[in-house]
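K.L.:
I would like the atomic coordinates for the input below:
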Amino acid sequence: MKILVGVKRVVDAYVRVRVKSDESGVDLTNTKMAINPFCEIAVEEAIRLKEAGHATEVIAVSVGPSSSQEQIRTALALGADRGIMVETEEAPEPLSVAKVLKAIVKKEAVDLVILGKQSIDTDNNQVGQMLAALCDMPQGTFACNAELKEGSIEVTREIDGGEQTVLLTLPAVVTTDLRLNEPRYASLPNIMKAKKKPIDNVSPEDLGVQIMSNIKTLSVAPPDERSAGIKVESVSELVEKLQTEAKVI
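P.N.:
I've put the predicted structure just below:
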């Protein structure tokens with residue numbers, strides 16, 4: 001069984017981003033980049049399925065600038081077998097990414113696609129659902145548990161107010177939530193081995209997909225800074241300030 005995992009290059013989750021002075025976007029100069037945290041969970045789940053003997057190959061794919069190869073190498077160091085770099089300097093929208101993944105799924109005869117439920121930069125939460133629709137595959141989104149069975153995968157997904165368990169016939173698309181697993185760290189020997197693992201470089205045009213951007217960013221601004229808090233001497237003073245200054249009671 002082949003498993004395809006998506007890997008997106010994003011600003012490291014622990015970095016405080018800065019807005020450019022002209023408010024045209026986020027300043028990425030010398031900014032630490034990393035695998036999108038939800039994608040990292042997807043990679044971990046795919047590797048665990050392979051270690052359990054359910055999969056023969058794990059393929060990591062990224063759509064974006066050539067620098068995204070760094071994140072593919074990280075996925076290879078974690079245990080993926082090979083990578084596919086779909087290089088484009090355009091900012092691909094979710095539908096374009098889904099179309100690229102559809103072409104790869106068809107070309108590679110993939111049995112299971114595992115994606116992060118969303119990326120932490122755009123927070124669209126759309127690619128997995130779009131890919132399932134384009135490929136006419138069943139989908140299990142927001143997965144907090146997944147168990148492979150004969151010709152199917154049982155996915156427990158987080159929903160409002162509880163959990164829902166669905167049984168998906170393979171091939172299928174699964175998107176990961178935070179509680180699915182705890183990603184491992186890449187060991188030094190595996191990092192060295194990853195340098196020798198193959199990465200295929202292709203363009204969207206090679207896959208018959210045209211990357212188009214229908215959204216234009218007008219401006220980007222940081223959130224308003226919060227004013228410093230104050231200390232009060234008594235409960236009566238607190239109540240007075242909540243009434244007269246904060247006007248919340």
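
K.L.:
quick one: the strands in this protein?
P.N.:
Assigned by DSSP state E, the strands in the chain fall at 2-6, 9-11, 18-19, 26-27, 33-35, 57-64, 82-87, 112-116, 139-149, 152-159, 162-169, 172-176, 199-202.

K.L.:
now render those as CSV, adding mean neighbour count.
P.N.:
C-beta coordinates here come from the backbone N, C-alpha and C atoms, glycine included. CSV is the format used below for the strands of the chain (neighbours: other CB atoms under 10 Å):
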stretch, mean neighbour count
strand 2-6, 25
strand 9-11, 20
strand 18-19, 14
strand 26-27, 13
strand 33-35, 20
strand 57-64, 25
strand 82-87, 22
strand 112-116, 29
strand 139-149, 19
strand 152-159, 18
strand 162-169, 12
strand 172-176, 27
strand 199-202, 14
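
K.L.:
wait, which of these is closest to Ala221?
P.N.:
Nearest to Ala221, of all these, is strand 18-19, at 6.3 Å by CB to CB.

K.L.:
okay, now the sheet partners of that closest one, with direction.
P.N.:
Here strand 18-19 is paired, per DSSP bridges, with strand 26-27 (antiparallel).

K.L.:
for the partner strand, what is the average pLDDT?
P.N.:
Average pLDDT, strand 26-27: 88.

K.L.:
so how far is it off the chain centroid?
P.N.:
Distance, stretch centre to chain centre, for strand 26-27: 20 Å (CA atoms, centre = their mean, to the nearest Å).

K.L.:
same check on stretch 239-249?
P.N.:
Put simply, stretch 239-249 sits 43 Å off its chain's centre (CA atoms, centre = their mean).

K.L.:
equivalent analysis for stretch 160-171, please.
P.N.:
19 Å.

K.L.:
picking up where we left off before, reformat the strands of the chain as CSV; add distance to Ile215.
P.N.:
What follows is the strands of the chain, written out as CSV (distance: least, CB to CB, whole Å):
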stretch, distance to Ile215
strand 2-6, 20
strand 9-11, 18
strand 18-19, 18
strand 26-27, 15
strand 33-35, 22
strand 57-64, 16
strand 82-87, 20
strand 112-116, 21
strand 139-149, 23
strand 152-159, 28
strand 162-169, 31
strand 172-176, 22
strand 199-202, 25
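
K.L.:
this completes my enquiry, with thanks.
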